[in-house]
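Undergrad: sequence plus the predicted model coming up.
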Amino acid sequence: MRALLWLMLLPFGAMAAGEGAWQASGRGVTLNHRGVAASSAPLASSQAVSGLITLVAWRYELNGPTPAGLNVRLCSQTRCVTLDGQSGTTWGLQGVPAVEPLRFVWDVPGGGRLLPALNVRRNQVIVNYR
């Protein structure tokens, strides 16, 4: 619960420091096979923004268990960063134009069917920029 509250307050702290922020969320993906990557729909600002990304907070929710070996990346058009949990922050996209949409990319290495399938309920990002 504390993490969720922090994610909700992050944009207000950023704006108080003279920066901007945007938030976007969307439905996730279903991944049925190992060795196949799946990408979320693009997450982008609903308003015109300018500046460069400083810090990105992310969060995703799964329906069901996390498959062994799950790789999750958050990608702009030019760069990807590996995420190390279902929520957190990263400086890894620092310097990317804040107008670029972001995508979550999911994969489980190996081959064959995933049982049960990976079902991502929701993806969310909060992008701080300056």
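TA: Yep, it's here. A quick note: this is a predicted structure, and the numbers were derived from the prediction, not measured.

Undergrad: distance between stretch 35-49 and the chain's centre?
TA: Centroid displacement of stretch 35-49 relative to its chain, using Cα atoms, centre = their mean, to the nearest Å, is 8 Å.

Undergrad: may I see the buried residues of it?
TA: Of the residues in stretch 35-49, 38, 40, 43-45, 49 count as buried by neighbour count, 16 or more other Cβ atoms under 10 Å. C-beta: built from backbone N, CA, C; applies to glycine.

Undergrad: kindly reformat those as CSV containing pLDDT, secondary structure and distance to Gln77.
TA: Below are the buried residues of stretch 35-49 laid out as CSV (pLDDT from 0 to 100; DSSP: H, G, I helix; E, B strand; the rest coil; distance: Cβ to Cβ, whole Å):
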residue, pLDDT, secondary structure, distance to Gln77
Ala38, 95, strand, 18
Ser40, 96, coil, 14
Leu43, 98, strand, 12
Ala44, 97, coil, 11
Ser45, 96, coil, 14
Val49, 95, coil, 15
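
Undergrad: now the residues you listed in a markdown table, with distance to Gly20?
TA: Output for these, formatted as a markdown table (distance: Cβ to Cβ, whole Å):
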| residue | distance to Gly20 |
| --- | --- |
| Ala38 | 30 |
| Ser40 | 23 |
| Leu43 | 16 |
| Ala44 | 14 |
| Ser45 | 9 |
| Val49 | 6 |
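
Undergrad: tell me the one of those residues nearest Trp58?
TA: Leu43 (9.5 Å; Cβ to Cβ).

Undergrad: now that closest one. Nearest residue, chain neighbours left out?
TA: Ala24 (3.9 Å; Cβ to Cβ, 6 or more residues apart in numbering).

Undergrad: specify the beta-bridge partners of that neighbour.
TA: On the basis of DSSP bridges, Ala24 is bridged to Val125.

Undergrad: cool, and Thr90?
TA: Val56.

Undergrad: contacting residues around it?
TA: 55-56, 58, 74, 81, 83 (Cβ atoms under 8 Å, 6 or more residues apart in numbering).
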